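>>> need a 3D model of the sequence below.
(one chain, ligands or ions: 2)
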Amino acid sequence: MKNIHIIQFVILLVLVAPLAIWLYRDARGRDYSWLFWTIMPFIALFSPIYVAILLLVFILGIYLMLRPKGLLVKCPHCKKNIHDILTMCPFCRKEAKRECLVCHEPVPWEAEQCPFCKSRALTGKNL
Ligand SMILES: [Zn+2]
Ligand SMILES: [Zn+2]
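Ligands and ions are numbered 1, 2, ... in the order given. Below you'll find the predicted structure:
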């Protein structure tokens, strides 16, 4: 009887760990309650296997519905995937966007000039 429990635990861990890792990367990259969403899948470890699988699908579904919408882009410094709208990288805490010194709009890091007012005066450049 004890072996069955161990096997079930291992199977669940194989399902739970990748989901937890994915949720951590996605939620942290979006700067969205990542600690909560990383811990959530682990509650399935203490449920019977069929309940656990349903629970994991449910958690993933809810997460996909609630997470901040939008694309992930690579941080110019640490290359991790971060939410497009963030001006600061949630992983390395460096600026992920420049700011236009004329109109103060956020500008993509790799841009040579402000897409809004065409100014070339951007923060962190030619200083
Ligand atoms: Zn970064
Ligand atoms: Zn501008």
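
>>> up against ligand 2, what does this protein have?
Neighbours of ligand 2 within the chain, by CB under 5 Å from the ion: 100, 102-103, 114, 116-117, 119. The way it works is simple: take the backbone N, C-alpha and C, and place the C-beta from them, glycine included.

>>> again, only this time at 8 Å
Residues of the chain lying close to ligand 2 by CB under 8 Å from the ion are 100-105, 107, 114-119.

>>> specify which member of those residues is nearest to ligand 1.
Out of those, the one with the shortest distance to ligand 1 is V107. That distance is 16.9 Å, counting by CB to the ion.

>>> gap between the nearest residue to A20 once chain neighbours are set aside and I62?
The shortest distance from A20 to any residue other than its chain neighbours is 4.6 Å, reached at P41 (CB to CB, 6 or more residues apart in numbering). Taken as CB to CB, to the nearest Å, the spacing of P41 relative to I62 amounts to 12 Å.

>>> list the contacts for P76?
When the contact criterion is CB atoms under 8 Å, 6 or more residues apart in numbering, the partners of P76 are 96, 109-110.
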